[in-house]
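K.L.:
How does the following fold in three dimensions:
(2 chains)
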Amino acid sequence: MRDRLRKLDFIDLFLWIVRAAIVAVILIGTVKTILSNPYTLRNWEDFIIFGIAQGSMYALIAIGYTLVYGVLQMINFAHGEFFMSGIFASTSAVAIPLARAGYLASHPIPSLLLIALCSILISIAISLLTERIAYRPLRHAPRLMPLITAIGASFFWQYYFRGLFGSQVIPFPDIPQLEGTVPFLHTFVLKSHVLVIFVTLVVLVGLNFFISSTRPGKAIRAVAENKDVAALMGINVNRTISLTFATGAAMAGVAGMLYALVFHQVHFFMGFIPGIKAFTAAVLGGIGSIPGAAVGGLFLGLFESLGPSLFLQSLGIPAFNQLKDVIAFTMLVLVLIFRPQGIVGERLKEKKA
Amino acid sequence: MSKRFLALIAVLVAGLVLAACGGGGASSAAFECTDEIGCVEVAAGAPIRIASALVISGPNADLGLDSQHGVEIAIEFKGDVLGHPVELQAEDDGCSAEGGQTAGQKIVSDPSIVAIIGTSCSGAGVPLAQIASDAGYAVVSPSNTAPSLTDPAQAWKPGYLRTAHNDKVQGAAMADFAYNTLGLTTAAAIHDGDPYTEGLANAFREAFEAEGGTVVAFTAVNVGDTDMRPVLTSIAASAGGAPEFLFFPVFTAECAHLATQSLEVAGLEDTVRGAADGCFSAAAAEAIGSASAGMYFSGPDLAFSGDTYTNFAAAYQSNFGSAPLSVFHAHAFDATNMVFACIEEVAKQSDGALLIGRQDLRDCLYATSGFAGITGSLTCNEYGDCADPKIAVYEIQSGDYVAIWP
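P.N.:
Residues are numbered from 1 along each chain as shown, chains lettered A, B, ... in the order given. Model (predicted):
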């Protein structure tokens, strides 16, 4: 006992105080909120649905981080730009011309599919270019180098697309068929949110099938396990890595499409914050794990949406909604303290950690 | 190191020393600077240099470009000042504290710059006013409206002035409009923590409560937030009931999100929405789109008249190929002309060269009284509020802002 106390040095003590303080704030805030109950059941359901919709987008983007990390053990900070590039380019080049021609209003489903396809293809093209030009030459360099290169690539794409389509906020055309709500439980859910949640589910199920049951998916898993052995088994490692980037970017392209439908505007810097949030989601869920990315995204969306009202409002904090990012990142800190491998992640082997 | 290389360095250093001595000698022969915070010397035939620090990139670029066009037209109309052409160095304030800091440092590192027109955003104005004030420069902002910037207990610094209105006036006008004209008695306000948005939201709250209304919620979002539905839901569920009027004086991107998403939140269906001059530009109108129906915007009254404005509007159209992009072009024009008038007043001339005392220039600017500008008759107080403030309320009708009040 004495030995253990002696080992508990100042920093450990400080960390324990931090943990206790965070947990105390959350508990006191939640209990006070539940007792004072400023919201109706319908409000809480709204918060949860907003959170799930936002979290679905985070989840789709987070998959790109987690896939690339699984294969290359590298954080691809340019991934937020893959998300931005697809929808930003296809809004300017496809959606707005379609809306002007009136085709978007008269044939919404083929138009949306076309816009989504363009968004996905552009995201994939940007990711393959980045991988080939910026990352592949650094495949065997120290791990810091690809990381810094990724940040550089991120800036490059932001300002490249700004050069192409301008620095202003570009409104995504309204789609009348997606406006309005549908009744659900005690509340009404936006049609765009229904679409987001539905599409995310379908895409995640499809991705799971792709990774677990198809030959290219198995190749990705083999390369993630061990590149050298995979190469000995006749797997083309470079092509598989490209495929990994393309898969992640396709998810980002879908997320971009959904983002535009929900938020109605795009601009060249839109990838930065969702990129950081999705990275957080990936770590929260357990980086390297696909279910982890989905769970992490969902958790993050829910914390952001519910957190300020649930934990902070009754503590009398002014402008508590401004602190939603603090809540999201505090959750990350908590998870990293209590469960460093993430919510559903496995403990990484020495080699990968 | 070879001898030839050493010799080359020696020659270069000697050249520098000679050049420095030569320059110093010439200036002391012609002028003596007696100004306590320094002087700018403009050689015969050399341009008078002024700098602008306005937001010319990002979602709010229309706001700053519009003001920059105002400065450029002022320079064009003025021609030469005391026989010297005027040269503009245009910097970007980024509409952020970091941007204001960078632009300020860059400008004050150049001692040939006489005065600064900027910034666009009050958030950028706070650090820039500090840097410029410490370095002895005069700053005239065409569009900072935060009350704190001309409050000596808060962010005001010597040398800072503005031709834009103080938001105490704008907040009061919006409160008057909402309470008396629309007849709404409960309100909520959202800012984003920036000095402009927070100052204006506070001014609105104080004025609205003074009118007799109740502010049921006063909260904030972050710059860069996109999902506003949670904050809007908590406003709809505030203890005093859902507000009848929702005022969000934030910038373009967040304003457009709040405008569109407030239509989708339960409980806010009947709430009247209002924004301010940070969300008053061609880009903002486009970003808000169809959600602008039933929404009001406060801003400076743009019903200018007079020959100068007619010529100004024609020059704007022919030089930049569009109608004014936002609301502070005329304020920028007036700010630039105020600076020119003071340069003409305080500059000492000798053989075609000018010596402009920095403190003299500041004193002259603060003493501005009854200056006839496009925006009205400008008279500066001791803390740099020069505007002749007239606020109007607008709505968007088929993509254009149309004044409907007063």
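
K.L.:
In the stretch 151-300 of chain A, what residue spans correspond to helices?
P.N.:
Remark: helices assigned in the stretch 151-300 of chain A by DSSP state H, counting those that start in this stretch are A:191-213, A:215-225, A:227-232, A:237-263, A:272-285, A:290-307.

K.L.:
The last one close to chain B?
P.N.:
Yes: in this structure, helix A:290-307 sits against chain B according to CB under 8 Å from any CB of the partner chain; the contacting residues are A:304-306. Quick note: C-beta positions are derived from backbone N, CA and C, even for glycine.

K.L.:
quick one: the helices in chain B?
P.N.:
With DSSP state H as the criterion, chain B has helices at B:3-30, B:61-78, B:97-108, B:122-135, B:167-176, B:195-211, B:229-236, B:252-261, B:282-288, B:307-320, B:329-346, B:358-366.

K.L.:
Figure out which of the ones you listed is closest to A:Gln313.
P.N.:
Closest to A:Gln313 of the helices of chain B is helix B:229-236 (CB to CB; 6.9 Å).

K.L.:
could you point out where chain B is predicted with low confidence?
P.N.:
Within chain B, the stretches with pLDDT under 70 are B:1-30.

K.L.:
same thing with chain A?
P.N.:
A:1-8, A:346-353.

K.L.:
Next, please give the residue ranges for the strands of it.
P.N.:
Applying DSSP state E to chain A gives strands spanning A:170-171, A:181-184, A:187-190, A:265-266.

K.L.:
coming back round to it: need the helices of chain B in JSON lines with distance to chain A, can you?
P.N.:
Conversion of the helices of chain B to JSON lines gives the following (distance: least, CB to the nearest CB, whole Å):
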{"stretch": "helix B:3-30", "distance to chain A": "35"}
{"stretch": "helix B:61-78", "distance to chain A": "6"}
{"stretch": "helix B:97-108", "distance to chain A": "13"}
{"stretch": "helix B:122-135", "distance to chain A": "15"}
{"stretch": "helix B:167-176", "distance to chain A": "17"}
{"stretch": "helix B:195-211", "distance to chain A": "9"}
{"stretch": "helix B:229-236", "distance to chain A": "4"}
{"stretch": "helix B:252-261", "distance to chain A": "5"}
{"stretch": "helix B:282-288", "distance to chain A": "5"}
{"stretch": "helix B:307-320", "distance to chain A": "15"}
{"stretch": "helix B:329-346", "distance to chain A": "18"}
{"stretch": "helix B:358-366", "distance to chain A": "33"}
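
K.L.:
For these, give me CSV that also has mean neighbour count.
P.N.:
CSV is the format used below for the helices of chain B (neighbours: other CB atoms under 10 Å in any protein chain shown):
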stretch, mean neighbour count
helix B:3-30, 10
helix B:61-78, 24
helix B:97-108, 22
helix B:122-135, 25
helix B:167-176, 25
helix B:195-211, 23
helix B:229-236, 26
helix B:252-261, 26
helix B:282-288, 24
helix B:307-320, 14
helix B:329-346, 25
helix B:358-366, 21
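
K.L.:
OK, contacts around the spatially most central residue of chain B?
P.N.:
The centroid of chain B falls nearest to B:Ser143 when counting by CA atoms, centre = their mean (2.5 Å). Applying CB atoms under 8 Å, 6 or more residues apart in numbering or on different chains, we find B:Ser143 in contact with B:54, B:63, B:67, B:119-121, B:162, B:164, B:277, B:327-328, B:331-332.

K.L.:
Closest one of the residues you listed to B:Asp192?
P.N.:
Proximity of those to B:Asp192 (CB to CB) peaks at B:Cys121, which lies at 11.2 Å.

K.L.:
Does the closest one touch B:Asn144 like I think?
P.N.:
Yes: the criterion here is CB atoms under 8 Å, and B:Cys121 meets it with B:Asn144 at 7.3 Å.

K.L.:
Please parse chain B into its domains.
P.N.:
The record assigns chain B these domain ranges, following automatic domain parsing: B:41-166+B:304-390, B:168-300+B:392-405.

K.L.:
what's the spacing between the longest one and its chain's center?
P.N.:
With CA atoms, centre = their mean, to the nearest Å as the basis, the distance from the averaged C-alpha position of domain B:41-166+B:304-390 to the chain average is 9 Å.

K.L.:
Between its first and last residues, how far does that domain reach?
P.N.:
Start-to-end span of domain B:41-166+B:304-390 (CA to CA, to the nearest Å) is 38 Å.

K.L.:
The last one now?
P.N.:
Distance between the two ends of domain B:168-300+B:392-405: 18 Å, counting by CA to CA.

K.L.:
ok so, going back, please tabulate the residues of helix A:290-307 next to chain B in JSON lines and include neighbour count as additional columns.
P.N.:
Putting the residues of helix A:290-307 next to chain B into JSON lines (neighbours: other CB under 10 Å) gives the following:
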{"residue": "A:Glu304", "neighbour count": "25"}
{"residue": "A:Ser305", "neighbour count": "27"}
{"residue": "A:Leu306", "neighbour count": "19"}
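
K.L.:
Which residue comes closest to B:Pro389 once chain neighbours are left out?
P.N.:
Using CB to CB, 6 or more residues apart in numbering or on different chains and skipping residues adjacent in sequence, the residue nearest B:Pro389 is B:His165, 3.5 Å away.

K.L.:
thought the one you found was touching B:Ala392?
P.N.:
No: B:His165 is beyond contact range of B:Ala392, at 11.1 Å (criterion: CB under 8 Å).

K.L.:
B:Arg362 contacts B:Tyr160, correct?
P.N.:
No: the pair B:Arg362 / B:Tyr160 is not scored as a contact, 9.4 Å apart, by CB under 8 Å.

K.L.:
Quick one: residues contacting B:Ala61.
P.N.:
B:Ala61 neighbours (CB under 8 Å, 6+ apart): A:167-168, B:55, B:283.

K.L.:
can you redo the residues you listed as CSV with distance to A:Ile126?
P.N.:
Shown next, in CSV, are those (distance: CB to CB, whole Å):
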residue, distance to A:Ile126
A:Ser167, 19
A:Gln168, 21
B:Val55, 28
B:Ala283, 25
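
K.L.:
between the residues you listed, which is nearest B:Gly352?
P.N.:
The shortest approach to B:Gly352 among the contacts of B:Ala61 belongs to B:Val55, at 36.8 Å (CB to CB).

K.L.:
what residues are up against that closest one?
P.N.:
Shown in contact with B:Val55 (CB under 8 Å, 6+ apart): B:61, B:63-64, B:92-95, B:99, B:119-121, B:124.

K.L.:
So it versus B:Cys121, what's the distance?
P.N.:
Using CB to CB, to the nearest Å, B:Val55 is found at 6 Å from B:Cys121.

K.L.:
anything in contact with each of those two?
P.N.:
Jointly contacting B:Val55 and B:Cys121 under the rule CB under 8 Å, 6+ apart are B:63, B:93, B:95.

K.L.:
My guess is the last one contacts B:Leu54. True?
P.N.:
It stands for B:Cys95. No: with contact defined as CB under 8 Å, B:Cys95 does not count as touching B:Leu54 (9.2 Å).

K.L.:
where do the contact lists of these two overlap?
P.N.:
If you check B:Cys95 and B:Leu54 against CB under 8 Å, 6+ apart, the residues they both contact are B:63-64, B:120.
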